[in-house]
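> Any chance you could fold what I've pasted below:
(chains A and B)
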There are 2 protein chains.
Amino acid sequence: MPLLLALDAGGTSTRATLLDPTGRCIAYARAGGGNPVSSGLEHASSQLGLAAEGAVASTGAAPSDVGPVLMAMAGMSVNASTDWISGPLKNRGFDGPIRLESDLLATFFSGTWEPDGYGVVAGTGSAGIRVRSGLVERSADGLGWLLGDVGSGFWIGHRVARAVVAALDGRTGPTALTALLLEDLGIPATGELVQSGRLESLRLATDALYRLRPVELSRFAPLAFAARDDATAKAILADAADALADLFTAIASPAVTGPLVLGGSILAQEGVVAESVAAAAAGRVTRMHQVPDGMVGAIVLSLRAAGVDVGPEVFDRIVTSLAALR
Amino acid sequence: MPLLLALDAGGTSTRATLLDPTGRCIAYARAGGGNPVSSGLEHASSQLGLAAEGAVASTGAAPSDVGPVLMAMAGMSVNASTDWISGPLKNRGFDGPIRLESDLLATFFSGTWEPDGYGVVAGTGSAGIRVRSGLVERSADGLGWLLGDVGSGFWIGHRVARAVVAALDGRTGPTALTALLLEDLGIPATGELVQSGRLESLRLATDALYRLRPVELSRFAPLAFAARDDATAKAILADAADALADLFTAIASPAVTGPLVLGGSILAQEGVVAESVAAAAAGRVTRMHQVPDGMVGAIVLSLRAAGVDVGPEVFDRIVTSLAALR
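Numbering: from 1, shown residues only, chains lettered A, B, ... in the order given. Okay, here's the model as predicted:
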């Protein structure tokens, strides 16, 4: 059997692993954002190509030695078209079949080889899935910053920005978040007034915040965790905790038992948010496990797509050999 | 003294009134959106020109008979540059001096000639001002859909859209808003499932909603009023009511007494939102008055800029003669 290539494409970085059909990882490489929705088709396909080449280049192998390629990315299912990426990869010498999979499924299988269970991710966005017999049976949220993504980094960061603006505007009391946000934006926190009795720092902050793309407000989520003793920050985190507990409840079913795999920077933070999801899941899952990304799961999915049975032994081999590479 | 021209430029329509220096309105015309921020400089200046020409054309006067031109528009103060509009108006024959004023001040003076008081507007956006000696002494909010505009049409419509998406996604219980929103979007409310156990109507609704510009979500605010007995709609309106009461409280000062002038479609709706602002203002204002737009106030400001003293008699003349024209 030829070598396999698994890619885990995120909005800010792409990971690629070259492996053999026993699950032994041979080489690992990274490149920039590889999601065609957030990065654009051209940028995404070039970063995916770079990551793929990077993994292969560090071995003695050539792209033509690589067989099937599996890519896990947001918003994708196994039925999605691969036309936008097959040409660019063929140009680099990768001529094996290409398969797309959901990044959520890859996150789930980064934590377990078991065919049933749950995955909840809260990074820039948020989503949950119920997995049964290795497939997504039910998903919830993942509906983007404007309409969903409850409890996500955007959701928290947006509330941080709104809370600071309201406090600077005198509509709410002071919050410790103000100093943190102004420092992040490089704005001096003076009491200087400009026209209509407004603070100069309010004008500078709103100008700076509107220059960001909305989804970039997720960069302020860490401020809520940093100021977790502040009443405003605490309320934001408590709302996020409730929202993510509701997200788990929406996907939970008595018919499915198995592990809960957690991903994303928000759930990696200790405190009320992760605890709330854990409390909602208690008694309904066999165990909980945090994963840093979907790389292991993309490898699991690539092996299964090639007809390899991935049980505990193969899963351990993947995890151990990958850990040695990164 | 020459004739005066007053324009009230909004995001969706522009109003123009030609008047004499006694406050008698001679002609009135309308055109499309005249705000350079929301409509773009070229569209805004052409619509302002059309409205100005329209008002003059219905009389025997020529543009050159018109003296000072006053324009009230969002985000503008008397110090803002008029370069973008003076050329286009000169090309149409209007060569008098041009002055810009805040649309909030125009809204306030649409309800009163008195120099002190308060104005609160909740339309697509929301903002409040405290007026003292005819000038804005303190303003609050008006900070846009992403960071502020609490209790506004966008704020309510955004919550309506999110609530319906959450209900269709099974994260919250059913709400009467779902049928109303799907009908508005022309989406059949079937129970058909697509991939990952999700409703087809959820996929269609999120696709349709992301095709709108965010600020266009304000068009769903009326659904919350239509479904006001529904628990979800009621909670959204109660939050808007609290937010707008806080907005009034932020601008209120014991040192300023006078009327409270209310503008915008949200405060024109009967019910909890308008009542909440009225309750917050009770005992702190001399009376409350609802106005449909800023046309009367733009006229008041144009007269004052020309050195005309606008008291109760002139104010009544403006209101009566304008009402006869529109």
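> average pLDDT across the biggest helix by length in chain A?
Longest helix in chain A, counting residues (DSSP state H): helix A:231-251. If you average the pLDDT over helix A:231-251, you get 97.
> again with stretch A:255-266
96.
> And stretch A:81-97, by the same measure?
So the average pLDDT for stretch A:81-97 ends up being 90.
> For it, list every residue counted as buried.
A:85, A:86, A:88, A:89, A:94, A:96 (16 or more other CB atoms under 10 Å in any protein chain shown). Backbone N, C-alpha and C define where each C-beta goes, glycine included.
> Distance of the first one relative to residue A:34?
I take that to be residue A:85. Going from residue A:85 to residue A:34 by CB to CB, to the nearest Å gives 9 Å.
> tell me, what's touching these two both at once?
A:44, A:48, A:71 (CB atoms under 8 Å, 6 or more residues apart in numbering or on different chains).
> Quick check, pLDDT for the last one.
Looking at residue A:71, its pLDDT reads 96.
> Can you verify my assumption that it contacts residue A:88?
No: shown here, residue A:71 and residue A:88 do not form a contact pair, counting by CB atoms under 8 Å, at 12.0 Å.
> okay, and the common contacts of these two?
Contact with both residue A:71 and residue A:88 is made by residues residue A:48, according to CB under 8 Å, 6+ apart.
> how does chain A divide up, domain by domain?
Annotated domains of chain A cover A:3-110+A:292-325, A:114-291 [automatic domain parsing].
> between the ones you listed, which gets nearest to residue B:187?
Nearest to residue B:187, of all the domains of chain A, is domain A:114-291, at 14.2 Å by CB to CB.
> can you tell me if the closest one touches chain B.
Yes: against chain B, domain A:114-291 shows contacts by CB under 8 Å from any CB of the partner chain at A:129-130, A:136-141, A:143-144, A:146-148, A:150, A:158, A:161-162, A:165-166, A:169-172, A:195-198, A:206, A:209-210, A:214, A:217, A:246-247, A:250.
> Now find how far off-centre that domain is within its chain.
In this view, domain A:114-291 has its centroid 13 Å away from the chain centroid, taken as CA atoms, centre = their mean, to the nearest Å.
> what does stretch A:71-86 give?
Using CA atoms, centre = their mean, the offset of stretch A:71-86 from its chain centre is 17 Å.
> for stretch A:36-48, same thing?
Centroid separation for stretch A:36-48 versus its chain: 16 Å, with CA atoms, centre = their mean.
> buried ones in that stretch?
A:36, A:38, A:39, A:44, A:45, A:46, A:47, A:48.
> got a list of contacts for that stretch?
A:7, A:9, A:11, A:14, A:16, A:31-35, A:71, A:73-75, A:84-85, A:88-89, A:215.
> Return the members of the residues of domain A:114-291 next to chain B classed as buried.
Applying 16+ other CB under 10 Å to these flags A:129-130, A:136-141, A:143-144, A:146-148, A:150, A:158, A:161-162, A:165-166, A:169-172, A:196-198, A:206, A:209, A:214, A:217, A:246-247, A:250 as buried.
> Which ones among those residues map onto strands?
A:129, A:130, A:136, A:137, A:138, A:139, A:140, A:141, A:198 (DSSP state E).
> Settle this for me: residue A:122 is touching residue A:268, isn't it.
No: Residue A:122 lies out of contact with residue A:268 (CB under 8 Å); the separation is 9.0 Å.
> Neighbour count: the two, which is higher?
Of the pair residue A:122 and residue A:268, residue A:122 is the one with more neighbours under other CB atoms under 10 Å in any protein chain shown, namely 32 against 15.
> measure the closest residue in space to that one that isn't next to it in sequence to chain B for me?
Closest residue in space to residue A:122, ignoring its immediate chain neighbours: residue A:266 at 3.9 Å, by CB to CB, 6 or more residues apart in numbering or on different chains. Distance of residue A:266 to chain B, given as CB to the nearest CB, to the nearest Å: 17 Å.
> Tell me if I am right that residue A:266 is in a helix.
Yes: judged by DSSP: H, G, I helix; E, B strand; the rest coil, residue A:266 forms part of a helix.
> Tell me how many other residues crowd it.
Using other CB under 10 Å: residue A:266 sits among 31 other residues.
> That one touches residue A:152, doesn't it?
Yes: the criterion here is CB under 8 Å, and residue A:266 meets it with residue A:152 at 6.4 Å.
> Can I get stretch A:286-303 in CSV? Just the C-alpha atoms.
Written as CSV, here are the backbone C-alpha positions of stretch A:286-303 (Å, rounded to 0.1, in the frame of the first residue of the first chain):
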residue,chain,number,x,y,z
THR,A,286,-17.6,7.8,29.6
ARG,A,287,-14.8,10.3,29.9
MET,A,288,-13.6,13.8,28.8
HIS,A,289,-10.5,14.5,26.8
GLN,A,290,-9.0,17.8,25.5
VAL,A,291,-7.2,17.9,22.2
PRO,A,292,-5.1,20.7,20.7
ASP,A,293,-6.3,20.3,17.0
GLY,A,294,-7.7,17.8,14.6
MET,A,295,-4.5,16.3,13.3
VAL,A,296,-4.7,12.9,15.0
GLY,A,297,-8.4,12.6,13.9
ALA,A,298,-7.5,13.5,10.3
ILE,A,299,-5.0,10.6,10.4
VAL,A,300,-7.6,8.3,11.8
LEU,A,301,-10.1,9.3,9.1
SER,A,302,-7.4,8.9,6.4
LEU,A,303,-6.7,5.3,7.6
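> Just the buried residues of it, please?
A:288, A:291, A:293-303.
> thinking again about what came up before, in helices, which of the buried residues of stretch A:36-48 appear?
Those of those lying in helices (DSSP H): A:36, A:38, A:39, A:44, A:45, A:46, A:47, A:48.
> Show me the helices in chain A, by range?
Under DSSP H, chain A gives helices at A:36-39, A:41-57, A:83-91, A:103-108, A:144-147, A:153-168, A:177-185, A:200-211, A:221-226, A:231-251, A:265-268, A:272-281, A:295-305, A:312-325.
> right, and the ones you listed - which one's nearest residue B:225?
Nearest of the helices of chain A (CB to CB): helix A:144-147, 21.1 Å.
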